[in-house]
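Novice: Please work out how this folds:
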Amino acid sequence: VTGGTGFLGSHIISQLLSQGTYVVRAVARSASKLQAIFPDADKNDLEVVQIPSLTSDFSDALKGVLSTAVVHSASPGYLRDANSKEIYEGAYNGTIHLVEQAIAASVKKIVVTGTYASLFDGDFKAAFGTKLITGQDFGS
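Specialist: Now for the predicted structure:
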């Protein structure tokens with residue numbers, strides 16, 4: 001599960017751990033933050049992999065994932081002062097990069113989520129307007 005410290009990723013991890021049938025490998029930019037979110041998780045149930053960015057090499061995180069799935073919920077956001085180019089690079093190119101690496105690692109199932117925030121510029125004016133937002137509106 002990528003984006004393990006994010007809203008969606010942390011909830012996915014929580015749900016998987018609660019089922020007790022999965023070993024969850026969670027990817028985040030900060031291993032310590034991820035471990036702080038799940039302080040009671042057994043190390044045999046939750047493996048933490050720190051990756052500096054969405055366009056990093058995911059090879060170590062993908063080892064042994066053959067028969068299960070990759071859930072990609074990581075997406076850059078405006079909250080850390082990223083500009084539109086950085087957000088696009090992480091959201092689009094980072095996703096393509098991860099999917100290509102997962103295919104190369106023979107992963108059979110890949111689930112990709114997104115964030116509504118990648119549709120808007122930093123001021124979020126379009127988010128609160130009346131215009132129908134489509135894929136053509138991906139941040140400028």
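Novice: Please identify the buried residues of the helix ranked longest in the chain?
Specialist: Longest helix in the chain by number of residues, with DSSP state H as the criterion: helix 7-19. In terms of neighbour count (16 or more other C-beta atoms under 10 Å), helix 7-19 has its buried residues at 8-10, 12-13, 16-17. Just so you know, the C-beta spots here come from the backbone N, C-alpha and C atoms, and that holds for glycine as well.
Novice: As TSV, those with distance to residue 68 and pLDDT would be great.
Specialist: Output for those, formatted as TSV (distance: C-beta to C-beta, whole Å; pLDDT from 0 to 100):
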residue	distance to residue 68	pLDDT
8	18	89
9	16	92
10	19	94
12	13	94
13	14	96
16	10	94
17	14	95
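Novice: ok so, going back, which strands or helices does whatever helix or strand comes next after the longest helix of the chain pack on?
Specialist: Following helix 7-19 in sequence order, the next helix or strand is strand 24-28 (DSSP states H and E). Counting contacts by 3 or more C-beta pairs under 8 Å, 6 or more residues apart in numbering; DSSP states H and E, strand 24-28 packs against helix 7-19, strand 46-50.
Novice: can you list the ones you listed in a markdown table and add distance to residue 69?
Specialist: Shown next, in a markdown table, are those (distance: least, C-beta to C-beta, whole Å):
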| stretch | distance to residue 69 |
| --- | --- |
| helix 7-19 | 10 |
| strand 46-50 | 15 |
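Novice: element containing the spatially most central residue of the chain?
Specialist: In the chain, the centroid-proximal residue (C-alpha atoms, centre = their mean) is residue 74; its distance is 1.7 Å. Using DSSP H and E, no element contains residue 74; it sits outside every helix and strand.
Novice: related to what we said a few turns ago, name the helices or strands packed onto the longest helix of the chain?
Specialist: Contact partners of helix 7-19 among helices and strands, from 3+ C-beta pairs under 8 Å, 6+ apart: strand 24-28.
Novice: Can you check what angle separates the strand it packs on from strand 46-50?
Specialist: Computed by axes from the mean of the first three to the mean of the last three C-alpha atoms, to 10 degrees, the angle separating strand 24-28 from strand 46-50 equals 20 degrees.
Novice: so how far is the helix or strand bottoming out on mean pLDDT in the chain off the chain centroid?
Specialist: When the helices and strands of the chain are scored by mean pLDDT, DSSP states H and E, helix 84-88 comes last with a mean of 76. Offset of helix 84-88 from its chain centre (C-alpha atoms, centre = their mean, to the nearest Å): 15 Å.
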